[in-house]
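[1] Sequence and predicted model, in that order:
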Amino acid sequence: MDSFLPSPDCDTISKTDNGQIDSHLIQKTNEGYREILPNLPRGKGWMTEHLVQYQGVWLTPNFALKGLMWVQDHFKPRSTDICLATFPKTGTTWLKALTFATVNRTRYGFTDHPLLTTVPHGCLPFLEACPKDLDGFPSPRLLSTHIPYTLLPNSMTVNQSCRFVYICRDPKDVLVSKWLFMNKLRPKELAPISLEEAFELFCQGISHYGPYWDHVLGYWKASLETPEKVLFLKYEELKEEPSVVVKRLGEFLGHPFSLEEVSKGVVEEIVKLCSFENLSNLEVNKSSVLKLSTQIIIDNRHFFRKGKVGDGKSYLTDEMIKRINEITSEKLLGSGLVFGS
Ligand code: PAP
């Protein structure tokens, strides 16, 4: 199977673009990017040297900022689009696998399934990696993004908008998963970031697409206001009752499981195919790489670490746990959303 991931190198696309209007617009976005970049507030980066704050969210100055500006300026949504939205390290890889397998379950058999030979990230395009490339994709498109709900263009969220599936996770597990992952990708010339530093930055909201709580609340509120448009899931509930959640997912996506499928065990087959145990042991996920941009190339194995609920607590001190729990309660107060202790 082809990887669906387009090249996120916007400059390259602007140079190879043939359409007059498009290249003009692309140039305008690139000019806007170059103009605003030097004036944006800077914070310490986890993977890159710095993060920059744009419209209230912390982003890597090149890939993520450009990606966001591109989506805001150029993405043409379709009402049939399904967009998987996540904050990094909350279950993106798993959700991609489950959604891809659910939507395409009559197309592929479980013994020669694309997910056996392609990392889940290769099965769905990442919106920020240049939305212009997606115009040629057939409908219905399965997409993914890390962009906060409130920063998405109105064309994606109002009226004939896309549908979103969002997954969140306990912030302690997100923080630790992110810290370990980012240090693996951090260039050798930059000293590794300590857990204490990462903790402080995370609590201050300074992490990719952070603050985490704002990201979660944006999608949570949207799911309450328009439940038919936004399905809100938790990593922990997916771990506890994967079959129940996959059935909800199928229903939401407009691909409900029939009684016959349920009795034949199709839901369980999908859960098994997409399980941490299965995916993390596949050759492709042990030894291949994902090329996210010309600079960002990630070993697939880094997307699979432990896949456990509550592992973050074994890295954090009691004081850290207390503080992050307090921040979480404060931020989520009155929202109706809670995480475990
Ligand atoms: P990304 O943002 O870089 O794509 P993402 O997939 O959101 O990462 O999160 C990775 C986490 O999901 C890892 O958690 P850990 O560090 O606490 O172990 C990873 O192990 C976990 N993960 C990946 N695939 C699965 C899966 N199939 N089932 C459960 N957890 C998974």
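    In hand now; what should we look at? Numbers count the residues shown, from 1 in each chain.
[2] so who does the residue nearest to His146 when sequence neighbours are not counted touch?
    When the adjacent residues along the chain are set aside, His146 lies closest to Tyr209, with 4.8 Å between them (CB to CB, 6 or more residues apart in numbering). Using the backbone N, CA and C atoms, a C-beta is placed for each residue, glycine as well. With CB atoms under 8 Å, 6 or more residues apart in numbering as the criterion, the residues that contact Tyr209 are 57-59, 64, 87-88, 146-148, 215.
[3] do you know how far His50 is from Ser207?
    Shown here: His50 relative to Ser207, a distance of 13 Å by CB to CB, to the nearest Å.
[4] who's more crowded, the two?
    When His50 and Ser207 are compared for neighbours, Ser207 comes out ahead with 27 against 13, by other CB atoms under 10 Å.
[5] Can you tell me the SS state at that one?
    Following DSSP: H, G, I helix; E, B strand; the rest coil, the label given to Ser207 is coil.
[6] I'd assumed Leu333 was in contact with Leu217.
    No: counting by CB atoms under 8 Å, Leu217 does not reach Leu333; the two are 10.6 Å apart.
[7] More neighbours: which of those two?
    The residue with the greater number of neighbours, taking Leu217 and Leu333 and applying other CB under 10 Å, is Leu217; the counts read 19 against 9.
[8] quick one, what contacts the nearest residue to Cys168 once chain neighbours are set aside?
    Ranked by CB to CB, 6+ apart and with sequence neighbours excluded, the top spatial neighbour of Cys168 is Val216, at 4.7 Å. Contacts were defined as CB under 8 Å, 6+ apart; by that measure Val216 touches 87, 168, 332, 337.
[9] Next step: those restricted to helices.
    Leu332 (DSSP state H).
[10] which ones among the contacts of Val216 are found in strands?
    When the contacts of Val216 are checked against strands using DSSP state E, the ones located there are Cys168.
[11] Neighbour-wise, which one of the contacts of Val216 leads?
    Neighbour counts for the contacts of Val216 peak at Phe87, which has 27 neighbours (criterion: other CB under 10 Å).
[12] coming back round to it: state the helix or strand in which the residue nearest to Cys168 lies.
    If you go by DSSP states H and E, Val216 is part of helix 212-225.
[13] I'd assumed Ala129 was in contact with Leu292.
    Yes: with the criterion set as CB under 8 Å, Leu292 and Ala129 qualify as a contacting pair; they are 6.9 Å apart.
[14] State the helix or strand in which Thr102 lies.
    With elements taken from DSSP H and E, the one containing Thr102 is helix 92-103.
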